[in-house]
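[1] Show me the folded form of this:
(one chain, ligands or ions: 2)
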Amino acid sequence: MENRVIVLMGPAGAGKSTVASYIEEKWQVPQVITHTTRKKREGEVDGQDYYFESPATFPKNHYLEEVEYAGNRYGSSMEGLERGWQKNHLVSIVLDTKGGETYLEKLGDKVCLLYITVSNASILKKRLVGRGDDEVAIEKRLNSAEFKRDLQLPVEMQGQAEVIYNDNWDETKEEIDKLIKRLK
Ligand SMILES: Nc1ncnc2c1ncn2[C@@H]1O[C@H](COP(=O)(O)OP(=O)(O)OP(=O)(O)O)[C@@H](O)[C@H]1O
Ligand SMILES: Nc1nc2c(ncn2[C@@H]2O[C@H](COP(=O)(O)O)[C@@H](O)[C@H]2O)c(=O)[nH]1
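    Numbering: from 1, shown residues only. Ligands and ions are numbered 1, 2, ... in the order given. The predicted structure follows:
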């Protein structure tokens, strides 16, 4: 079987991490862990949700791509991807759309792009509040250029990415199950 990576993109709060956890639990598709300088949210675990870095340690890793998102740095490594592929030929990674474009450029048909969004963007803030995010961090995120950019799938990826509207979790699971059965 050829190695492939499902790249999950979409606006903050759309449900990218929720989908990544679901496909890991239900379909044993491991998640590639990325690096960030962002502060841990309550319940997040180093090495499980992210490799949490300081501004001093972040540049010491070797990245396939790295971005700044709402004032924090994020990066993913080829080593992380290879570690995932040692466990399974199909893995997933959660990236912003800029990272998704880089993956497509660098990895070509090894990449399966999946854009998760919602029909009404006003629900996104409610989901971030419900997740327990800090109020100041939510405002900073919602006002960031990166959040606004990721409200739409960039033109370059239109027609190349699957799009799922995660308005209703039961319906989303059905869509995801169909996609994974095609890729497995
Ligand atoms: N279909 C859904 N209906 C209601 N709540 C949902 C749904 N999907 C996810 N959520 C909830 O919305 C919140 C945000 O989801 P999640 O953390 O997966 O979003 P995300 O896209 O990864 O966000 P971010 O980019 O900010 O990390 C979580 O509390 C999650 O449980
Ligand atoms: N291009 C990359 N984007 C990444 C990476 N790791 C996470 N992300 C994206 O950043 C934002 C914010 O994430 P959050 O956990 O702080 O909510 C989100 O869009 C993620 O998809 C990465 O290594 N590269």
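[2] these two touch, right, Ile176 and Ile164?
    Yes: between Ile176 and Ile164 there is a contact at 7.1 Å, judged by C-beta atoms under 8 Å. Heads up, the C-betas are built off the backbone N, CA and C, glycines and all.
[3] How many residues are close by Lys60?
    The criterion is other C-beta atoms under 10 Å. On that basis, Lys60 has 9 neighbouring residues.
[4] bridging residues for Glu65?
    For Glu65, the beta-bridge partners are Ser76 (DSSP bridges).
[5] ok, now how distant is it from ligand 1?
    To ligand 1, Glu65 is 17 Å away according to C-beta to the nearest ligand atom, to the nearest Å.
[6] list the contacts for the closest residue to Ala161 other than its chain neighbours?
    Nearest non-adjacent residue to Ala161, counting by C-beta to C-beta, 6 or more residues apart in numbering: Leu113, 3.6 Å away. Neighbour list for Leu113: Val7, Met9, Gly100, Leu104, Met157, Gln160, Ala161, Glu162 [criterion: C-beta atoms under 8 Å, 6 or more residues apart in numbering].
[7] and the first one, what helix or strand is that in?
    For Val7, the element it lies in under DSSP states H and E is strand 4-9.
[8] can I assume Asn3 is in contact with His89?
    Yes: at 5.2 Å, Asn3 counts as touching His89 under the criterion of C-beta under 8 Å.
[9] and the angle from whichever helix or strand comes after the strand holding Val7 to strand 4-9?
    Where DSSP H and E defines the elements, the next helix or strand beyond strand 4-9 is helix 16-27. For helix 16-27 against strand 4-9, the angle by axes from the mean of the first three to the mean of the last three C-alpha atoms, to 10 degrees is 150 degrees.
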